[in-house]
Every structure is written in C-alpha cells, then in structure tokens.
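Asks: quick one: sequence and predicted model below, then my questions.
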Amino acid sequence: MTVQDIRSFNRFYTNVIGALDYGRHLYAPYTLTESRVLYELAHAPQTDAADLRGQLHLDAGYLSRILNRFEQDGLIERGPSEKDPRRRRISLTGAGRETAARLDERARETVGALLATVAPADRPRLSEALSTVREILGDDSRAPRPEDVLLREPGPGDLGWIVQRNAAVYAAEYGWNADYEGLVARIVADFAEDHDPHLERAWIAELDGRPVGCVMCVRDDAPATARLRLLLVEPDARGLRIGDRLVTAVIDFARGVGYRDLTLWTNDVLSAARRVYQRHGFVLVAEKPHRSFGKDLMGQDWRLALRPAPE
C-alpha cells in the first residue's frame with residue numbers, strides 16, 4: 001500500500017460520487033454542504049450553531065450564511081437554548097422537515113440505483129470491504145460519544161428490526177415470552193400499513209451505521225393526544241443519552257404538530273425508561289396489576305401536558 005494507491009482510489013471514488021450527482025439533481029436547489037446541514041438538523045431535534053460547527057467542521061461565517069439562507073427560505077426557526085442561554089437553538093420547521101426528507105429520499109434512490117448495478121453475489125463482499133476501510137482508517141480507540149448517534153426515519157428493514165430487537169432484548173433482560181413480540185408486531189404493522197406522516201412518526205437511533213434504538217409517536221384514541229410507543233435502546237449503546245434524545249424527538253414532534261397531551265404505557269420493572277420519562281416531565285396517572293408476557297406486572301400510565309387545556 002502506497003500513498004499513490006490511496007490517492008488513486010480517492011480519484012476513482014470522487015468520480016463515482018460526482019456521477020451520482022449529475023446536474024446537481026441530487027441536492028438542488030441546495031449545495032452538498034447545505035444538504036449536510038439539513039441532514040444534521042433533521043436527525044438532531046435540538047441543536048445549535050456551535051454543535052453543527054463541531055459535527056461538520058465548518059467555518060463559523062460559512063455556517064452562519066447557510067443558516068441565514070435557511071431562515072429566509074422558511075426552513076428553520078431559532079430560539080433560546082434550554083441548555084445554555086448564550087446559545088440559540090435551531091430547529092426545522094414543517095417546510096424544513098419536508099425539504100430534508102425530500103433530499104434524503106433522493107439520496108436513498110440514487111445510492112439504491114448504484115447498488116442495483118452490483119451483482120447480488122458481490123454485495124456482501126462490497127459491504128465487508130467498506131466496513132474494513134472504516135475500521136482501519138477510523139479511530140477505534142475512541143469510545144462512542146453521544147454526538148456520534150444520529151436520529152433518522154426508518155428505512156427498509158428497520159421496522160422489522162424494531163420487532164426483532166424488542167422481542168430479543170425484553171426476553172433476555174426480563175424473561176418476557178412471545179406474547180410481547182406479538183404485541184410489538186401488531187403495533188409496527190398498524191404503523192406501516194396506515195399512519196399519517198404529518199401526525200405520526202418513528203425514529204431510529206443509528207451508531208456507526210447500525211440501529212441502536214427506536215421510538216414511535218402515534219395518535220391516541222383521546223382527542224388531541226399522542227402516544228409514545230416502543231422506546232428501546234440496545235444494551236451496548238446505553239449511557240449515550242439515546243433514550244433522552246428519542247423521547248425529546250417525540251415531545252418536540254408532538255408539540256410541533258399541535259397535540260395537547262402525550263401519553264405512554266409502561267411497566268414498573270422498566271426502571272431506566274421510567275427515569276427518562278420523569279426527567280422529561282411525564283407524570284404517573286394510573287397503575288394496574290396485570291398478567292402479560294408470561295409475568296405478573298404492574299402496568300403504568302404516564303402523561304405529559306404539551307400545552308394548556310382550553311378553558
């Protein structure tokens with residue numbers, strides 16, 4: 001391996017990426033860098049300019065111009081940061097979320113078209129080669145950081161992952177039987193077959209290219225009420241505040257689309273999840289013992305008021 005080998009590969013891969021973006025169709029009307037900023041904002045519900053500069057290694061003045069353009073186009077809103085009053089929180093508007101989703105869909109379609117040219121028998125070899133490059137050139141000595149985790153919408157196969165990992169994790173940690181997997185499968189199937197994307201969403205937490213967490217926000221039977229469902233964080237990814245970020249994403253989304261209340265149902269044995277809910281202001285409103293998933297459990301209903309009830 002020589003320096004020339006790597007430079008030669010860089011030229012080759014740069015040409016491949018350039019071919020994917022012929023005529024600037026992929027990112028139009030935004031540049032690649034602007035699209036990267038939109039992507040980060042779409043996957044981090046609460047962030048500020050300093051966070052974006054650090055994540056994307058951008059010059060402060062350049063990023064400021066990008067954000068000014070986004071604000072003029074109605075894609076972002078700025079407000080006081082809850083963490084640091086000296087900073088300004090940046091969040092996507094409804095138009096911003098639609099734009100980010102459109103750019104993400106174009107990218108998925110374009111890369112999918114490229115992958116379609118690869119013979120199925122060669123795809124595992126290609127995937128392994130890409131992983132090898134990341135492992136060798138990446139900094140494996142560095143422990144994962146919270147900022148390494150991305151929140152994104154589910155892609156192909158992710159809903160199945162939600163069912164499989166919920167069943168496996170709860171069986172391993174709490175001894176729950178297949179009844180729980182059946183419940184999760186019904187929830188996910190209902191979401192996949194009939195959900196309103198303007199009022200209901202799901203999130204996948206991704207670390208190093210693999211899913212490590214999930215949550216859903218769906219309509220409840222009660223008027224103006226949303227329900228948080230299927231919060232899960234993989235055991236080896238805990239300690240990175242993923243649960244807090246997923247719950248924050250649900251709260252921000254539910255409040256942004258106009259729900260008045262956010263509810264959830266859980267069981268008292270899930271102590272770590274309950275601590276997350278309490279940190280975000282959820283209040284326990286009811287408890288009831290039940291026999292489910294092969295265990296005697298104490299079910300709990302929690303509620304968060306998103307805005308005052310009408311007088």
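Replies: Received the coordinates, thanks.

Asks: now the helices for the stretch 101-250 of the chain?
Replies: 123-137, 158-174, 178-193, 242-256 (DSSP state H, counting those that start in this stretch).

Asks: check these for me and report the most buried one.
Replies: helix 242-256 (a mean of 21; mean count of other Cβ atoms under 10 Å). For the C-beta atoms, the positions are set from N, CA and C on the backbone; glycine is no exception.

Asks: and the next helix or strand past it?
Replies: strand 261-267 (DSSP states H and E).

Asks: residues contacting Ile162?
Replies: 154, 184, 188, 202, 214, 230, 232 (Cβ atoms under 8 Å, 6 or more residues apart in numbering).

Asks: count the neighbours of the fifth one for me.
Replies: If I follow you right, that is Cys214. Neighbourhood size, Cys214 [other Cβ atoms under 10 Å]: 26.

Asks: re earlier: out of the helices of the stretch 101-250 of the chain, which gets nearest to Glu147?
Replies: helix 242-256 (10.4 Å; Cβ to Cβ).

Asks: what's the closest one packed up against?
Replies: Here helix 242-256 touches strand 150-152, strand 201-207, strand 210-219, strand 225-233, strand 261-267, helix 271-279, going by 3 or more Cβ pairs under 8 Å, 6 or more residues apart in numbering; DSSP states H and E.

Asks: one more pass at 7 Å, please.
Replies: The criterion is 3 or more Cβ pairs under 7 Å, 6 or more residues apart in numbering; DSSP states H and E, and the helices and strands that helix 242-256 contacts are strand 201-207, strand 210-219, strand 225-233, strand 261-267, helix 271-279.

Asks: okay, now the unreliable bits of the stretch 201-311 of the chain?
Replies: For the stretch 201-311 of the chain, the stretches flagged by pLDDT under 70 are 309-311.

Asks: before we move on, back to that, quick check: the farthest pair among the contacts of Ile162?
Replies: Between all members of the contacts of Ile162, the farthest pair (by Cβ to Cβ) comes out as Pro154 and Val184, at 14.0 Å.

Asks: tell me the one of the contacts of Ile162 nearest Ile6?
Replies: Pro154 (35.1 Å).

Asks: neighbours of Ala107, how many?
Replies: Per other Cβ under 10 Å, the neighbour tally for Ala107 reads 16.

Asks: on the pLDDT front, check Thr93 for me.
Replies: Thr93 carries a pLDDT score of 88 in this model.

Asks: from memory it sits against Ile76, does it?
Replies: Yes - in this structure Thr93 lies within contact range of Ile76 using Cβ atoms under 7 Å: 6.4 Å.

Asks: looking at the two, which is more packed in?
Replies: Ile76 (21 against 16).

Asks: what's the burial count for the nearest residue to the more buried one once chain neighbours are set aside?
Replies: In space, and not counting its chain neighbours, Ile76 is closest to Phe70: 4.5 Å by Cβ to Cβ, 6 or more residues apart in numbering. Neighbours of Phe70 under the rule other Cβ under 10 Å: 24.

Asks: figure out the helix or strand that Phe70 lives in.
Replies: Counting by DSSP H and E, Phe70 is part of helix 60-72.

Asks: and that helix, what does it pack onto?
Replies: Secondary-structure packing of helix 60-72 (3+ Cβ pairs under 7 Å, 6+ apart): helix 49-56, strand 76-80.

Asks: output that helix as PDB, restricted to C-alpha atoms.
Replies: Taking C-alpha atoms only, helix 60-72 is exported to PDB below (Å, rounded to 0.1, in the frame of the first residue of the first chain):
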ATOM      1  CA  ALA A  60     -18.400  29.900  11.600                       C
ATOM      2  CA  GLY A  61     -19.000  32.500   9.000                       C
ATOM      3  CA  TYR A  62     -19.900  29.900   6.300                       C
ATOM      4  CA  LEU A  63     -22.300  28.100   8.600                       C
ATOM      5  CA  SER A  64     -23.900  31.500   9.600                       C
ATOM      6  CA  ARG A  65     -24.600  32.300   5.900                       C
ATOM      7  CA  ILE A  66     -26.200  28.800   5.400                       C
ATOM      8  CA  LEU A  67     -28.400  29.200   8.400                       C
ATOM      9  CA  ASN A  68     -29.400  32.700   7.300                       C
ATOM     10  CA  ARG A  69     -30.500  31.300   3.900                       C
ATOM     11  CA  PHE A  70     -32.500  28.500   5.600                       C
ATOM     12  CA  GLU A  71     -34.200  31.100   7.800                       C
ATOM     13  CA  GLN A  72     -35.100  33.200   4.800                       C
END
